[in-house]
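take this sequence and fold it.
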Amino acid sequence: MTERQRAALAGLSGRRAACIRAYVTDVLEGRKIAGREIVLACGRFCDMLAADYDVNTNDADFVIDVIEATFKHRQGQSLDGKPLRGKPFLLEPWEKFCIYGMLIFFRPGTIERVVKEAFIFIPRKNGKTLVVAALSWALGLLERASGSKVYVVGATLKQAMETFDSWRYNVEKGLYRSEKAARAAGWRILDNNMEHAIERDFPDGSLSLNALASNPDGQDSFNANIIIADELHAYKSGKQYDVLKEATNAYTNKLVVGISTAGDNATGFCAQRLDYCARVVSGQIRDDGYFIFIARADQGEDGAVDYTSPIQHEKANPNYGVTIRPEEILSASLQAQNDPQARSNFLNKRVNIFTNSLRAYFNVEMFKTSDSVARRWASTPRGHWSASSRRWRRSRA
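Numbering: from 1, shown residues only. Now for the predicted structure:
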């Protein structure tokens, strides 16, 4: 952590600023275990604080306050087995950091936010589904004066419905005691074959929350100011994302958030977007309009991952010890070590590493070496096989 970064961070003020300062400092000074790109993201956050942007935390504090005061768990258990249904959703420091990173920077002398796009890359079981639901809810309320139109777009309708069900639960069971009471208060809950939406008019604006499956051929015409593209790794092409992004063009303070785990298509859209974002946080590309949070295990220069290491488990999972049980993920990593069929899924979903089927099942370099040896033997005259065999065995000894 440089002195310039330290000074910039010390000047951050706001109701939640102390939490953000502590998180960023602990990451940069090594007191909190974090992956390479999270360390870089914290350094980049400090650099933006030191840049010529206006900093105002009011929007970020509002979003955090709304989530923690109005949004509740619909299901789940804590690590000690206590039911979470009906309990307030209290954000972890890394989640608050993401909200600050997206919402506090403004063009000098304006109310235009710098960040228009975000990429949040986290493994499964780190509370992603609840984060998507709560963040879309609170961002919609933040921008209600503009007539908020919020879309959460899953790769499948089933995934998007997880968010819708959380919205509905929090309106009908959280804010009110029943669907009837919620409707009497002015909420419109639409859940049918045509749409899955929750809407309400307020004295100072309106809110429309919509959950749907990605369909680039049928989504060219809608407008939105906030879009969350869920499970980007399952998007078949960049067109699906581009159509969603273009839907926000009519708004100045728009936000498109792509959120995903890794997958097994190492050349697909999400993997390419991950590569771009990794270059941004490392400083190879400057794109201040993009907030980036990449949580994954560190890889060696050859792409190798020490996936049985608890240190790498913690680096990849920001909710390690919160929603991630250390003993369970360690056990799963040992199973993956001994079972090639489980290895690819563990790398993808638990330590957030893109794979392809060949790399997951085989040592590719060893395969290339053996293939080269086989070609040499095939080209050797039969009378020389014995001599070649003896030379090869001596070279391997």
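
name the SS class of Ala229, please.
strand (DSSP: H, G, I helix; E, B strand; the rest coil).

please identify which helix or strand holds the nearest residue to it once chain neighbours are set aside.
Distance criterion CB to CB, 6 or more residues apart in numbering; nearest residue to Ala229, sequence neighbours excluded, is Gly258 at 4.7 Å. Heads up, the C-betas are built off the backbone N, CA and C, glycines and all. Per DSSP states H and E, Gly258 falls inside strand 255-260.

show me what that strand pairs with in its sheet, parallel or antiparallel.
Its sheet considered, strand 255-260 pairs with strand 117-121 (parallel), strand 226-230 (parallel) by DSSP bridges.

just these: most buried one?
Comparing these by mean neighbour count (mean count of other CB atoms under 10 Å), strand 226-230 ranks first with a mean of 25.

what comes into contact with whichever helix or strand comes after that strand?
As assigned by DSSP H and E, the chain's next helix or strand after strand 226-230 is helix 238-246. Helix 238-246 is contacted from outside by 117, 151, 153, 214, 216, 219-220, 224, 227, 229, 232, 235, 256, 258, 269, 272-273, using CB atoms under 8 Å, 6 or more residues apart in numbering.

how far off centre is helix 238-246?
Centroid separation for helix 238-246 versus its chain: 18 Å, with CA atoms, centre = their mean, to the nearest Å.

enumerate the positions of the longest strand along the chain that are buried.
Assignment by DSSP state E gives strand 205-213 as the longest strand of the chain. Within strand 205-213, the residues that count as buried by 16 or more other CB atoms under 10 Å are Leu207, Ser208, Leu209, Asn210, Ala211, Leu212, Ala213.

would JSON lines of those residues with pLDDT and distance to Arg36 be doable?
Putting the buried residues of strand 205-213 into JSON lines (pLDDT from 0 to 100; distance: CB to CB, whole Å) gives the following:
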{"residue": "Leu207", "pLDDT": "96", "distance to Arg36": "38"}
{"residue": "Ser208", "pLDDT": "96", "distance to Arg36": "39"}
{"residue": "Leu209", "pLDDT": "96", "distance to Arg36": "35"}
{"residue": "Asn210", "pLDDT": "94", "distance to Arg36": "36"}
{"residue": "Ala211", "pLDDT": "94", "distance to Arg36": "34"}
{"residue": "Leu212", "pLDDT": "90", "distance to Arg36": "35"}
{"residue": "Ala213", "pLDDT": "86", "distance to Arg36": "34"}
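
from those residues, which is closest to Phe291?
Leu209 (21.7 Å; CB to CB).

can you pull the contacts of that closest one?
Taking CB under 8 Å, 6+ apart as the test, what Leu209 contacts is Ser136, Trp137, Gly140, Val150, Val152, Phe164, Trp167, Ala197, Ile198, Glu199.

ok, it to Ser146 distance?
15 Å (CB to CB, to the nearest Å).

do Ala295 as well
31 Å.

comparing the two, which shows the higher neighbour count?
Shown here are Ala295 and Ser146; by other CB atoms under 10 Å, Ala295 has more neighbours (24 against 15).

give the closest residue to that one in space, chain neighbours not counted.
Per CB to CB, 6+ apart, closest to Ala295 is Ile122, 4.7 Å.

number of residues surrounding Asp287?
14.

doesn't it lie inside a helix?
No. Using three-state DSSP, the assignment for Asp287 is coil, not a helix.

what sits against it?
Counting by CB under 8 Å, 6+ apart, Asp287 makes contact with Val280.

try the one 10 residues further on
Ala297 makes contacts with Gly35, Val305, Asp306, Tyr307, Gln312, His313, Lys315, Ala316, Val351, Asn352, Ile353, as judged by CB under 8 Å, 6+ apart.

could you redo the last one with a cut-off of 6 Å?
Contact analysis of Ala297 by CB atoms under 6 Å, 6 or more residues apart in numbering lists Val305, Gln312, Lys315, Ala316, Val351.

same thing with Tyr307?
Neighbour list for Tyr307: Ser333, Val351 [criterion: CB under 6 Å, 6+ apart].
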